[in-house]
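>>> Task: produce atomic coordinates for the following.
(one chain, ligands or ions: 1)
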Amino acid sequence: MTVAASQVSGSVQGRDKAHAVVIGSGFGGLAAAVRLAARGFRVTIVEKLDAPGGRAYVHQRDGFSFDAGPTIITAPFLLEELWQLGGRRFADDIDLRLMDPFYRIRFDDGRVFDYSGDAEKVKAQIAQYSPADVVGYDRFMAMSEKVFKVGFEDLAHVPFTNLTDMLRIVPDMALLQSYRTVYGLVSSYIKDPFIRQVLSFHPLLIGGNPFTVTSIYVLISFLERKWGVHSAMGGTGAIVNGLVKLIEGQGTEIRYNAEVERILTQNGKATGVRLASGEEIAADVVISDVDPATTYGRMLAEYPRKRWTDRKIEHSQFSNGLFVWYFGTKRQYPDVKHHTILLGPRYQGLIQDIFKHKKLAEDFSLYLYRPTATDPSLAPAGCDTFYALAPVPHLGGETDWATQAEPYRARVAKYLSDTILPGLEDQIATSLVTTPLDFKHRLNSHLGAGFSLEPLLMQSAWFRPHNQSEEVKHLYLVGAGTHPGAGVPGVISSARVLDRVVPDASTFV
Ligand SMILES: Cc1cc2nc3c(=O)[nH]c(=O)nc-3n(C[C@H](O)[C@H](O)[C@H](O)COP(=O)(O)OP(=O)(O)OC[C@H]3O[C@@H](n4cnc5c(N)ncnc54)[C@H](O)[C@@H]3O)c2cc1C
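Below is the predicted model of the structure:
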């Protein structure tokens, strides 16, 4: 869509500061806003919803506070860096607590494994399952560290704008066996099927299938050990609110209930955005934190795209969907840890159903979040706040969530009641269910995917939608669907890339 400059209100001509419009207030959008304001841009964030955070939105219900999405906070230095850029100290605003264990993993037969960053504690538990795998664990963690050094330290904040950037890393990737899958690499060190699950499930936290995702994602194991797994007092929502205050302190305006309908362009350059209300906002640079499939397929629907055509989007692979049941209980369950993973009876078969067959299976594996284990203020006195999350197929399958959501929720409730939350069905104080339909309609996520583009080797780095748009000048992309990918550290790193690709503010005025 080409719009003459004179039609755009709030013209960017004749002012002393360059203007950046950020579409979306997910972690990627908020991080982008901090960085651009620190570099001298006047920044406006336009957000479709009534509150910030995107996937990290907070639902308030009957005195219970539910973090909608991210709960596992890793690599806190990335957040500290944002606070520094905003002129404040992270520790003054956010009370972050180290989790011990990181997660309790419960197998379907009732055995548990407390996974943490303490190598000796982990090895003592591995020894109980499979003594022969203790050495394999050390060797696996040494490999994870090597991959981390390249995949995270060297590449996470690099703009993969040119194919040569990609070709340069091919030798390193070959050396690190990136052509293997996470499960394949883990299995080359570990023999026991349960320990293989413990060390290979991590990609599921960011929408990757452990059986197909590039083994670069084994870096998560070392990343967790190096910096720990944390949680904020007040929940992840406290970090989002902290970021919003930081951003407002920098003079940035955040406009809620402001859905962008079109990215405006002129002569191949982004010139602003048009909201669903018809209002147009002029900008020198536009940053989209929205799923790239939506950014290109809808907000630039009529723009002649060369690479991210509708056909290319149609043929891309998207991550799994998520079923999330938020519930408050009238009593507390003090034995349940902050993070619990309940592995169901099947591993590979279930994952195949989700990713390949796109079929909603009878069985499931769950991640159960109980933030009140650390911060009781997130529920009324004597109560607990929970969410139970199950990876499910995205909307490319045939699941009719309008009819399936309640029976699925009831199955999840029964499983939890039969395992670690006895009597759960009689203890529910409040309840809210979200399915891939909510991801599609609330968050504008293509196919209702939980984490945008699937992190396959051929959809990573240069192959992912570039942080500096390859379609439109002065348009930049951050968030889960861009490089380096999903997860809070990933999307904050995507905003870090902006420092390398967005020109100085002074060049626009
Ligand atoms: C249930 C769940 C649990 C997770 N757990 C973890 C975890 O424990 N740890 C971790 O690191 N990661 C976790 N993740 C992944 C992580 O939350 C995401 O990868 C990350 O938060 C995504 O951030 P983003 O910047 O891509 O933006 P998003 O959070 O996707 O935000 C995009 C924003 O854009 C807005 N928007 C969309 N369209 C428009 C429009 N047209 N106009 C204006 N605004 C628009 C949306 O409303 C939204 O606010 C989890 C994700 C989910 C869903």
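
>>> switch to C-alpha atoms for all contacts and neighbour counts from now on
Noted.

>>> who's in contact with residue 129?
Applying CA atoms under 8 Å, 6 or more residues apart in numbering to residue 129 gives the contacts 192, 195.

>>> likewise residue 480?
Contacts of residue 480 by CA under 8 Å, 6+ apart are 28, 291, 451-453, 486-487, 490-491.

>>> Sort out which residues of the worst-scoring helix or strand of the chain on mean pLDDT are buried, please.
Ranked by mean pLDDT, DSSP states H and E, the weakest helix or strand in the chain is helix 163-175, scoring a mean of 84. Using 16 or more other CA atoms under 10 Å as the test for burial, helix 163-175 gives residue 173.

>>> Can you spell out which helices and strands pack onto the next helix or strand after it?
Going down the chain from helix 163-175, the next helix or strand is helix 182-189, by DSSP states H and E. The contact analysis (3 or more CA pairs under 8 Å, 6 or more residues apart in numbering; DSSP states H and E) places helix 182-189 against helix 133-148, helix 193-200.

>>> Can I get those in JSON lines including mean pLDDT and distance to residue 306?
What follows is these, written out as JSON lines (pLDDT from 0 to 100; distance: least, CA to CA, whole Å):
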{"stretch": "helix 133-148", "mean pLDDT": "96", "distance to residue 306": "33"}
{"stretch": "helix 193-200", "mean pLDDT": "96", "distance to residue 306": "37"}
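
>>> Next, format those as a markdown table and append mean neighbour count.
Shown next, in a markdown table, are those (neighbours: other CA atoms under 10 Å):
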| stretch | mean neighbour count |
| --- | --- |
| helix 133-148 | 19 |
| helix 193-200 | 19 |
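
>>> The ligand contacts on the stretch 201-350 of the chain?
206, 258-261, 289-290 (CA under 6 Å from any ligand atom).

>>> repeat that with 5 Å
259-260, 290 (CA under 5 Å from any ligand atom).

>>> cool, and the chain?
Counting by CA under 5 Å from any ligand atom, the chain comes close to the ligand at 23-28, 47-48, 54-55, 69-72, 259-260, 290, 443-444, 479-480, 486-488.

>>> The residues you listed in strands, which ones?
Among the residues of the chain next to the ligand, DSSP state E puts 23, 260 in strands.

>>> quick revisit: where helices are concerned, which of the contacts of residue 480 count?
Residues of the contacts of residue 480 located in helices (DSSP state H): 28, 490-491.

>>> Highest neighbour count among those residues?
residue 28 (31 neighbours; other CA atoms under 10 Å).

>>> Any figure for the gap between that one and residue 134?
Distance, residue 28 to residue 134, using CA to CA, to the nearest Å: 38 Å.

>>> Likewise for residue 225?
Distance of residue 225 to residue 134, computed by CA to CA: 17 Å.

>>> same check, this time on residue 72
26 Å.

>>> do residue 442 as well
Here the distance between residue 442 and residue 134 works out to 45 Å (CA to CA).

>>> Flag the shaky bits of this structure, pLDDT-wise.
Low-confidence segments of the chain, defined by pLDDT under 70: 1-14.

>>> Mind listing what's buried along the longest helix along it?
Secondary structure of the chain per DSSP H: the longest helix is helix 401-418. Across helix 401-418, burial judged by 16+ other CA under 10 Å covers 401, 405, 408-409, 412-416.

>>> what does it contact?
325, 388, 422-425, 433, 435-437.

>>> Repeat that for stretch 153-166.
461-462, 466-468, 470, 483-484, 490, 493-494, 496-497, 500-501.

>>> 7 Å instead, please
461-462, 466-468, 484, 493-494, 496-497 (CA atoms under 7 Å, 6 or more residues apart in numbering).

>>> Same question for stretch 231-243.
Identification of contacts with stretch 231-243 by CA under 7 Å, 6+ apart yields 30, 53, 56-58, 67, 70-73, 93-99, 371, 375, 378.

>>> Of those residues, which belong to strands?
58, 67, 96-98.

>>> Just the closest of the residues you listed to residue 275, please.
For these, the minimum distance to residue 275 (CA to CA) is 24.0 Å, reached by residue 58.

>>> Show me what counts as buried in stretch 180-196.
180-187, 189-190, 194-196.

>>> can you check stretch 317-334 too?
Those buried within stretch 317-334 under the rule 16+ other CA under 10 Å are 318-333.

>>> Who wins on neighbours among the residues of the stretch 201-350 of the chain next to the ligand?
The most crowded member of those, judged by other CA under 10 Å, is residue 290 (29 neighbours).

>>> one step back: what would the contacts of helix 401-418 look like in JSON lines with secondary structure?
Compiled in JSON lines, those are given as follows (DSSP: H, G, I helix; E, B strand; the rest coil):
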{"residue": "325", "secondary structure": "strand"}
{"residue": "388", "secondary structure": "strand"}
{"residue": "422", "secondary structure": "coil"}
{"residue": "423", "secondary structure": "coil"}
{"residue": "424", "secondary structure": "helix"}
{"residue": "425", "secondary structure": "helix"}
{"residue": "433", "secondary structure": "strand"}
{"residue": "435", "secondary structure": "coil"}
{"residue": "436", "secondary structure": "helix"}
{"residue": "437", "secondary structure": "helix"}
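
>>> In contact with the residue of the stretch 301-450 of the chain found nearest the ligand, which residues are there?
Relative to the ligand, the nearest point of the stretch 301-450 of the chain is residue 443 (4.4 Å; CA to the nearest ligand atom). Each residue near residue 443 by CA under 7 Å, 6+ apart is listed here: residue 54.

>>> Residue numbering should commence at 17 henceforth.
Let's use 17 as the start, then, which means that last one is residue 459.

>>> so which two of the contacts of residue 496 are the farthest from each other?
Longest span within those, CA to CA: 44 and 469, 15.3 Å.

>>> I'd like the ones in helices among the contacts of residue 496 as CSV, with distance to residue 248 appended.
Shown next, in CSV, are the ones in helices among the contacts of residue 496 (distance: CA to CA, whole Å):
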residue, distance to residue 248
44, 18
506, 18
507, 18
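
>>> which residues touch stretch 63-83?
39-43, 84-86, 251-253, 256, 271-275, 342, 344, 394-396, 401, 446, 459.

>>> List buried residues within these.
39-43, 84-86, 251-253, 256, 271-272, 274-275, 342, 344, 394-396, 401, 459.

>>> Do I have it right that residue 296 meets residue 287?
No. The pair residue 296 / residue 287 is not scored as a contact, 10.0 Å apart, by CA atoms under 7 Å.

>>> who's more crowded, those two?
Shown here are residue 296 and residue 287; by other CA under 10 Å, residue 287 has more neighbours (29 against 22).

>>> secondary structure element for the more buried one?
strand 285-291.

>>> What is that strand packed up against?
strand 276-282, strand 296-298, strand 301-304 (3 or more CA pairs under 7 Å, 6 or more residues apart in numbering; DSSP states H and E).

>>> how does it look with 10 Å?
If contacts are counted by 3 or more CA pairs under 10 Å, 6 or more residues apart in numbering; DSSP states H and E, strand 285-291 sits against strand 35-39, strand 276-282, strand 296-298, strand 301-304, strand 491-493.
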